[in-house]
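Student: my questions concern the predicted model and sequence given below.
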Amino acid sequence: MADTTANNGGAQENAVPALNALAQYCKDFSFENPNAPRSLQPQEEGPQINLQVNVNAKQLDQADFEVDLTLEGSATVGGKDVLFAFELTYSGVFRVQNIPQDQLHPVVMIECPRLLFPFARQIVAEAVRNGGFPPLYIDPIDFVALYRQRASEAQAQQGQTLS
(Lines give C-alpha, C1' and ligand atoms only; values in the text may rest on other atoms or scores of the structure.)
Protein backbone atom coordinates (compact mmCIF):
# COMPACT_ATOMS: atom_id res chain seq x y z
CA MET A 1 0.00 0.00 0.00
CA ALA A 2 1.35 3.43 -0.89
CA ASP A 3 2.19 5.96 1.79
CA THR A 4 -0.47 8.70 1.53
CA THR A 5 1.03 11.01 4.13
CA ALA A 6 2.92 13.92 2.63
CA ASN A 7 5.69 15.76 4.29
CA ASN A 8 6.02 19.52 3.77
CA GLY A 9 8.58 19.06 1.00
CA GLY A 10 6.31 16.63 -0.84
CA ALA A 11 3.29 18.91 -0.50
CA GLN A 12 5.25 21.78 -2.01
CA GLU A 13 6.37 19.66 -4.96
CA ASN A 14 2.83 18.40 -5.64
CA ALA A 15 1.18 21.81 -5.28
CA VAL A 16 -0.94 22.75 -8.26
CA PRO A 17 0.15 25.86 -10.19
CA ALA A 18 -2.43 28.63 -9.92
CA LEU A 19 -3.06 31.98 -11.56
CA ASN A 20 -5.92 34.00 -10.09
CA ALA A 21 -7.22 37.42 -11.10
CA LEU A 22 -7.85 39.31 -7.86
CA ALA A 23 -8.96 42.58 -9.50
CA GLN A 24 -9.35 44.16 -12.93
CA TYR A 25 -9.74 47.87 -13.60
CA CYS A 26 -9.43 50.66 -16.11
CA LYS A 27 -6.38 52.56 -14.88
CA ASP A 28 -6.26 55.25 -17.59
CA PHE A 29 -8.41 55.91 -20.63
CA SER A 30 -8.58 58.62 -23.25
CA PHE A 31 -10.63 58.86 -26.45
CA GLU A 32 -10.33 61.75 -28.87
CA ASN A 33 -12.45 62.65 -31.85
CA PRO A 34 -10.59 65.87 -32.76
CA ASN A 35 -12.16 66.60 -36.14
CA ALA A 36 -15.82 65.96 -35.32
CA PRO A 37 -18.29 66.50 -36.84
CA ARG A 38 -16.29 66.60 -40.11
CA SER A 39 -14.67 63.23 -39.30
CA LEU A 40 -18.11 61.61 -39.05
CA GLN A 41 -18.91 62.28 -42.71
CA PRO A 42 -18.56 59.37 -45.15
CA GLN A 43 -14.96 59.01 -46.30
CA GLU A 44 -13.81 58.21 -49.84
CA GLU A 45 -11.23 55.74 -48.58
CA GLY A 46 -11.07 53.43 -45.60
CA PRO A 47 -9.15 54.52 -42.54
CA GLN A 48 -5.63 53.41 -41.67
CA ILE A 49 -5.72 51.87 -38.21
CA ASN A 50 -2.54 52.06 -36.14
CA LEU A 51 -2.21 50.09 -32.92
CA GLN A 52 0.55 49.77 -30.35
CA VAL A 53 0.49 47.24 -27.53
CA ASN A 54 2.59 47.29 -24.39
CA VAL A 55 2.65 45.11 -21.28
CA ASN A 56 4.23 46.09 -17.97
CA ALA A 57 4.20 44.35 -14.63
CA LYS A 58 5.30 45.08 -11.12
CA GLN A 59 5.46 42.77 -8.16
CA LEU A 60 3.26 43.87 -5.26
CA ASP A 61 4.30 41.16 -2.82
CA GLN A 62 5.64 37.61 -2.96
CA ALA A 63 2.76 36.14 -4.98
CA ASP A 64 0.86 39.21 -6.31
CA PHE A 65 1.59 41.17 -9.46
CA GLU A 66 -0.04 44.20 -11.05
CA VAL A 67 -0.08 43.87 -14.83
CA ASP A 68 -0.80 46.82 -17.14
CA LEU A 69 -1.99 46.21 -20.70
CA THR A 70 -1.69 49.44 -22.69
CA LEU A 71 -3.42 49.81 -26.05
CA GLU A 72 -2.75 52.98 -28.03
CA GLY A 73 -4.37 53.47 -31.39
CA SER A 74 -5.61 55.86 -34.00
CA ALA A 75 -7.48 55.93 -37.28
CA THR A 76 -6.38 58.30 -40.00
CA VAL A 77 -7.54 59.03 -43.53
CA GLY A 78 -5.07 60.01 -46.20
CA GLY A 79 -2.23 59.58 -43.71
CA LYS A 80 -2.95 62.90 -41.99
CA ASP A 81 -6.58 63.51 -40.97
CA VAL A 82 -7.17 61.89 -37.57
CA LEU A 83 -10.60 60.33 -37.26
CA PHE A 84 -10.09 59.16 -33.70
CA ALA A 85 -7.36 58.27 -31.24
CA PHE A 86 -7.41 56.33 -27.99
CA GLU A 87 -5.14 55.26 -25.18
CA LEU A 88 -6.18 52.65 -22.66
CA THR A 89 -4.29 51.17 -19.75
CA TYR A 90 -6.31 48.24 -18.46
CA SER A 91 -4.81 46.59 -15.39
CA GLY A 92 -5.24 43.62 -13.16
CA VAL A 93 -3.84 42.24 -9.94
CA PHE A 94 -2.95 38.58 -10.21
CA ARG A 95 -1.90 36.02 -7.65
CA VAL A 96 0.61 33.51 -9.00
CA GLN A 97 1.26 30.43 -6.88
CA ASN A 98 3.38 27.32 -7.28
CA ILE A 99 4.96 28.43 -10.56
CA PRO A 100 8.68 27.61 -10.90
CA GLN A 101 10.82 30.74 -10.73
CA ASP A 102 12.15 30.28 -14.26
CA GLN A 103 8.57 30.25 -15.62
CA LEU A 104 7.21 33.11 -13.51
CA HIS A 105 8.15 35.97 -15.85
CA PRO A 106 6.54 34.39 -18.95
CA VAL A 107 3.37 33.56 -17.01
CA VAL A 108 3.01 37.12 -15.76
CA MET A 109 3.88 38.74 -19.10
CA ILE A 110 1.91 36.36 -21.37
CA GLU A 111 -0.99 34.78 -19.49
CA CYS A 112 -2.03 37.82 -17.44
CA PRO A 113 -2.40 40.19 -20.42
CA ARG A 114 -4.13 37.38 -22.33
CA LEU A 115 -6.77 37.35 -19.57
CA LEU A 116 -7.08 41.17 -19.61
CA PHE A 117 -7.28 41.58 -23.38
CA PRO A 118 -10.97 40.73 -24.03
CA PHE A 119 -12.07 43.36 -21.50
CA ALA A 120 -9.74 46.02 -22.90
CA ARG A 121 -10.88 45.16 -26.44
CA GLN A 122 -14.51 45.70 -25.44
CA ILE A 123 -13.76 49.08 -23.82
CA VAL A 124 -12.06 50.28 -27.03
CA ALA A 125 -14.87 48.96 -29.25
CA GLU A 126 -17.54 50.71 -27.19
CA ALA A 127 -15.60 53.99 -27.01
CA VAL A 128 -15.09 54.06 -30.78
CA ARG A 129 -18.78 53.29 -31.30
CA ASN A 130 -19.77 55.98 -28.80
CA GLY A 131 -17.51 58.37 -30.72
CA GLY A 132 -19.77 57.96 -33.77
CA PHE A 133 -17.80 55.32 -35.69
CA PRO A 134 -18.36 51.61 -36.25
CA PRO A 135 -16.91 49.68 -33.30
CA LEU A 136 -13.22 48.81 -33.61
CA TYR A 137 -12.76 45.17 -32.72
CA ILE A 138 -9.03 44.67 -32.26
CA ASP A 139 -7.77 41.37 -33.62
CA PRO A 140 -6.51 38.88 -31.04
CA ILE A 141 -2.95 39.58 -29.93
CA ASP A 142 -0.29 36.87 -29.84
CA PHE A 143 1.22 37.65 -26.45
CA VAL A 144 3.79 34.85 -26.85
CA ALA A 145 5.16 36.53 -29.99
CA LEU A 146 5.08 39.92 -28.28
CA TYR A 147 6.98 38.47 -25.29
CA ARG A 148 9.60 36.91 -27.56
CA GLN A 149 9.99 40.14 -29.54
CA ARG A 150 10.51 42.18 -26.37
CA ALA A 151 12.96 39.60 -25.02
CA SER A 152 15.04 39.67 -28.22
CA GLU A 153 14.98 43.50 -28.23
CA ALA A 154 16.19 43.54 -24.62
CA GLN A 155 18.90 41.01 -25.43
CA ALA A 156 20.05 43.04 -28.46
CA GLN A 157 20.09 46.22 -26.38
CA GLN A 158 22.07 44.47 -23.66
CA GLY A 159 24.54 43.26 -26.30
CA GLN A 160 25.00 46.84 -27.54
CA THR A 161 25.64 48.04 -24.00
CA LEU A 162 28.37 45.44 -23.49
CA SER A 163 30.08 46.28 -26.80
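Tutor: Perfect, thanks for sending it. Everything quoted here is computed from the prediction, not taken from an experiment.
Student: what separation do you get for Lys58 and Glu32?
Tutor: Using C-beta to C-beta, to the nearest Å, Lys58 is found at 28 Å from Glu32. For the C-beta atoms, the positions are set from N, CA and C on the backbone; glycine is no exception.
Student: which of those two has more neighbours?
Tutor: Neighbour tally, Lys58 and Glu32, criterion other C-beta atoms under 10 Å: the higher count belongs to Glu32, 14 against 10.
Student: which ones are touching the residue lying closest to that one once chain neighbours are set aside?
Tutor: Spatially, and ignoring its direct neighbours in sequence, Glu32 is nearest to Ala85 (4.7 Å; C-beta to C-beta, 6 or more residues apart in numbering). Taking C-beta atoms under 8 Å, 6 or more residues apart in numbering, we find Ala85 in contact with Ser30, Phe31, Glu32, Pro34, Gly73, Ser74, Ala75.
Student: which residues does Ala85 bridge with?
Tutor: Glu32, Ser74 (DSSP bridges).
Student: which strand residues bridge Val67?
Tutor: Beta-bridge partners, per DSSP bridges, of Val67: Ala57, Gly92.
Student: contacting residues around the nearest residue to Asn56 once chain neighbours are set aside?
Tutor: Nearest non-adjacent residue to Asn56, counting by C-beta to C-beta, 6+ apart: Asp68, 4.6 Å away. Shown in contact with Asp68 (C-beta under 8 Å, 6+ apart): Lys27, Asn54, Val55, Asn56, Ala57, Thr89, Tyr90, Ser91.
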